[in-house]
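> got a predicted model here, sequence first, then my questions.
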Protein chains: 2
Amino acid sequence: MGFVSITALGRPNGVLVRSSRRCWTRLVPGRRCARRRPTAALRVRLATAPASGSARAGTAKADSSSGDAPRITPRSQSYAQWYLDVIAAAQLADTSPVKGALVIRPTGWAIWERLRDELDRRIKATGAQNACFPLFIPQSFLSREAEHVDGFAKECALVTHHRLRAVTAADGKSRLEPDPDARLEEALVVRPTSETLIWHMFGRWIQSYRDLPLLVNQWGNAVRWELRTRPFLRTSEFYWQEGHTAHATREEAMDKAREMLEVYRGLLEQWLAIPVVAGFKTASERFAGAEETLTVEAMMQNGWALQCGTSHFLGQNFARAFNVYYQTEEAGTRELVWATSWGASTRLLGALIMVHSDDTGLVLPPRVAPTQVVLVPILPKEEAERQEVRAFCESLLGRLRGHGLRVEMDRRETLRPGAKFFDWERRGVPLRLEVGKRDVANKGVMCARRVDGQKMALPVDGLEARLEDMLEEVQEGMLERAQRFVQQHWHRVEQYAEMRERLRGRKAEEAEDGEVEGNMGGFFLAPWRDSVENEARIKEECKATIRCYPDGWQQEAGGKRCFYSGEMATHMALFARAY
Amino acid sequence: MGFVSITALGRPNGVLVRSSRRCWTRLVPGRRCARRRPTAALRVRLATAPASGSARAGTAKADSSSGDAPRITPRSQSYAQWYLDVIAAAQLADTSPVKGALVIRPTGWAIWERLRDELDRRIKATGAQNACFPLFIPQSFLSREAEHVDGFAKECALVTHHRLRAVTAADGKSRLEPDPDARLEEALVVRPTSETLIWHMFGRWIQSYRDLPLLVNQWGNAVRWELRTRPFLRTSEFYWQEGHTAHATREEAMDKAREMLEVYRGLLEQWLAIPVVAGFKTASERFAGAEETLTVEAMMQNGWALQCGTSHFLGQNFARAFNVYYQTEEAGTRELVWATSWGASTRLLGALIMVHSDDTGLVLPPRVAPTQVVLVPILPKEEAERQEVRAFCESLLGRLRGHGLRVEMDRRETLRPGAKFFDWERRGVPLRLEVGKRDVANKGVMCARRVDGQKMALPVDGLEARLEDMLEEVQEGMLERAQRFVQQHWHRVEQYAEMRERLRGRKAEEAEDGEVEGNMGGFFLAPWRDSVENEARIKEECKATIRCYPDGWQQEAGGKRCFYSGEMATHMALFARAY
């Protein structure tokens, strides 16, 4: 590259510039260039930086125009409030007049669309096809599968009437009420999940082995009546995909359940930069009606677990309940069909926020960021110069977009640059390009990375490729940082007392510098003898539950004793507090 | 091109081959090539062919393997039954156990996804952003806008309880019922449309002129309790987008309503190959709560109209009902906000079927076809030759897909070629490529066009470009044919008696050869004096309604007398029977 003159740039603290694909140079005024290779170094910084501090480095706070923007509570003070504040500040969602239901605002929905489109692509690549089934399910359907009804009948929205009528109330005012003449003979359940309805349809569509496997997926909304709601994590209405498959054999169905879990793991790690632990659920945490539930669990910054996707092996339970047999290849033989179902929801947006964001606001991994780069013109006072900066930026915008980068330009003229930086930092845009009149003269831009606040001057020449590399580097760095965090908060325990002690959580005065409020210490891996009763006792004693019997660890249980009962262990169990 | 030997191809009736971009040649065995330029000729044939006859030309019917496939009633016998049969035969949708709700099967949903993605792209290009609002609306919200409540309160699904409980019935059996202890204080309406909820939210988001315009779109489901349902056209649950915008001025809102109508027109004409008539609705056909409703109306093969998209200018009605004011640029002044809303739904799939399909089944315009080309290997008996044909097809498949064409290969080995042709014809795939061992030897394929049954030999060399051209030609030809149909069934009437007479519809014995059952003669344009009462009388007398006051014709009303009342005309009105 042609080096940029530091004095011309007028940045007293020096800037990092990239002099080749793998090499960065820190330019400090008055000093000769000291070469270094910061790709690895930056990675380390990303991987170890306490997520609270350094990201604050922006100019944002000092700017007065940001005075009326909602404040974000620091994580060290209240992690729960911080979560709500980040959602509000980034305008991801808003509360609604309907209890427990969320309004997902354009910024939030655009992230969901990116996630959804990528997951859809991955699901279709497994051979599944999308279809659409009714929102309402006759209430009698829910009782066809015995365990399923227990799991879902207790928390569902029921449609009982199909018309409103106007009546005059005691105060003389007219108001609306359900018309008693329009009562439905059988109440309809707003789908909490669609196994029952879909298996009713599968019964029509499956006759012979030639119709199998049948792989169907549906994108839509579902409703579960929740008492305690939390945006994205637990809402009465949520958006998701639910996949339903039918197979000729147990093995094929089990393989499919595994395959779909891997789809979720891939999406989480490669797109959301969230490492996960995969494994089987215990009986008490299984999906109602499943023989096995597979799960991917992620660790939030307070050490709690969040279930991010589940894949169920349903055995022949639903086929039996809905009488779905297939003709085998051997003439005259009929067999019950084997089933799986699997789903992931807008809950993933909650995971995204809780794993990566910081006290400044949202931090988005570049692959899911609807806007990867924001271009902020720093307009001089003189109109001719303003025009020059604007024209430079518009041309750059066109070039970068033409290259396939998702770039927005901040054209607001009433806002000061600092307020704009603050705004885009809260919204989590991975890279910010600042362009002032000096940058125009130097044919360069100043680039700031959201994830660590690092700034560096970049020449316009070859900028597309550099931004692409940087986005890739940020994406990788975020996954590595999250992986490091899991490693740091992953404990192997042989003594129940140790886990109980740690799970008390630290009070503010005990907490280490910058530690997240209420940190429960993370995940605990312990030898365990499978027991629903003991699991319930532990949940009561220290609120932790078994998130899963994690893959890759089960052979270690051999010969060990259960850390709770002292009996011979059957599994290695992963305990954590969970949302 | 290098000519293909007709005798080698062994097609006794000759085939059309393309010898250059604009030139086709009919090859007949034993005859020397007679050049012609069938691009225009083919267009004419497409534009005039009675949709029933020639498309049947395939080999399909003769094949015995198709014996158990559901039959399609001819349009001349029953247009309504034909419509249901096409949906079943192409596996677009299925009935569901929930009254009035449809299951949209993968084939149907894939078409909807293509339509949806393109409409979404066009909507985003207007500056609107997607968001997501709750499914449930408090019942009191519906009564906030006076006309709105009349329009929607009478046909909506009401959620009144949030839990089921098990009870023992008189016969000793256990069954579920809504738990009386879980009755909601205020019933929730499953959204028939979201104006009320969205304007409640707009009230939070809009403070000043800087927040305007606010352009929001939502994709989702909605429910209107319908007594008489018909797949895609009228179902209790349907899928759609509903756009909602807020503006500072009346003019800007009105312009937006117009702009969005043009979006629908563009999608219909350019993607669905459906010509439309655009115009304003009369008061009796307007959206409940709108000041003006703009509509695009399409003509079905039986001459009935189908409303395919509407865009409403809502004035300040919802802003007033939900108290949404904005601070103007001049300090201290507050003004009510102006509004539009606009929507298009899965009803478009109904239009697609009813405009283009024929007695053989579905006919898809190439742009919306999830599969544009199907590759059918004609496998010889000998295994070595089979392998050769398979390998040739697989390689061709890869090449065509690599070029961006949406191609599927029919790998079913138990089905005879004729049964496969029949199957793909019913599903409406625009082009079918047949590949037998002779084709492999000749490095060619036999290509059949779904829209007119025409077959032609094509060399593999340069096939991608030829298929692209052909798809484009089919797309254009379908639009032209549909336009011709509208012209043929568009009547200017000055006498009411003439319209009434024609609208009686023709009985089977009166109908012309191949005419669609129940054809009501189409659209009637007449001078008209705006009158809700006379409109209602005409509807009673001959079931026709005013579809719109069409754009581009209104100046003709000047000086004319209303064809019904004899008073001075105020408009030119377009009458038709309608779904």
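All right, it came through fine.
> going forward, measure contacts and count neighbours with C-alpha atoms only.
Fine.
> kindly list the longest helix within chain A.
Assignment by DSSP state H gives helix A:463-488 as the longest helix of chain A.
> buried ones in that one, by neighbour count?
A:463-464, A:466-468, A:470-471, A:473-486 (16 or more other C-alpha atoms under 10 Å in any protein chain shown).
> just for chain A, where's the confidence low?
For chain A, residues meeting the criterion pLDDT under 70 lie at A:1-69, A:505-514, A:520.
> what does the domain assignment say about it?
Segmentation of chain A into domains, based on automatic domain parsing, reads A:6-49+A:76-90+A:361-484, A:107-356, A:490-576.
> for those domains, which one sits closest to B:Ala182?
B:Ala182 lies closest, by C-alpha to C-alpha, to one member of the domains of chain A: domain A:107-356, at 9.7 Å.
> most remote residue from chain A's center?
A:Gly172 (50.4 Å; C-alpha atoms, centre = their mean).
> isn't there a helix covering it?
No: the assignment for A:Gly172 (DSSP: H, G, I helix; E, B strand; the rest coil) gives coil, which keeps it out of a helix.
> what's the separation between it and B:Val149?
Going from A:Gly172 to B:Val149 by C-alpha to C-alpha, to the nearest Å gives 19 Å.
> then A:Ala578?
44 Å.
> okay, which residue is most central for chain A?
Centre-nearest of chain A using C-alpha atoms, centre = their mean is A:Leu348, 2.7 Å out.
> that one in helix, strand or coil?
Assignment for A:Leu348 (three-state DSSP): helix.
> residue contacts, it?
By C-alpha atoms under 8 Å, 6 or more residues apart in numbering or on different chains, the residues touching A:Leu348 are A:232, A:308.
> end to end, how far does stretch A:419-437 reach?
Using C-alpha to C-alpha, the two ends of stretch A:419-437 sit 19 Å apart.
> rewinding a little: so which of the domains of chain A is the most surrounded?
Most buried of those, by mean neighbour count (mean count of other C-alpha atoms under 10 Å in any protein chain shown): domain A:107-356, with a mean of 20.
> picking up where we left off before, and the next helix or strand past the longest helix of chain A?
strand A:490-492 (DSSP states H and E).
> and that following strand, how far out from the chain's middle?
Its chain's C-alpha centre and that of strand A:490-492 lie 24 Å apart, by C-alpha atoms, centre = their mean, to the nearest Å.
> stretch A:351-364 too?
With C-alpha atoms, centre = their mean, you get 10 Å for stretch A:351-364.
> what sits up against it?
Residues contacting stretch A:351-364 (C-alpha under 8 Å, 6+ apart): A:51-53, A:55-56, A:72-75, A:82-83, A:86-87, A:89-90, A:272, A:274, A:298-301, A:306, A:308, A:425-430, A:450-451, A:478, A:482.
> span of that stretch from start to end?
Using C-alpha to C-alpha, first and last residues of stretch A:351-364 are 11 Å apart.
> go on, stretch A:179-193?
So stretch A:179-193: terminal residues 28 Å apart, C-alpha to C-alpha.
> same check, this time on stretch A:169-179
End to end - C-alpha to C-alpha - stretch A:169-179 spans 14 Å.
> for chain B, tell me whether that stretch is touching it.
Yes: applying C-alpha under 8 Å from any C-alpha of the partner chain, one finds stretch A:169-179 touching chain B at A:175-178.
> just those: which are in helices?
Among the residues of stretch A:169-179 next to chain B, no member falls in helices (DSSP H).
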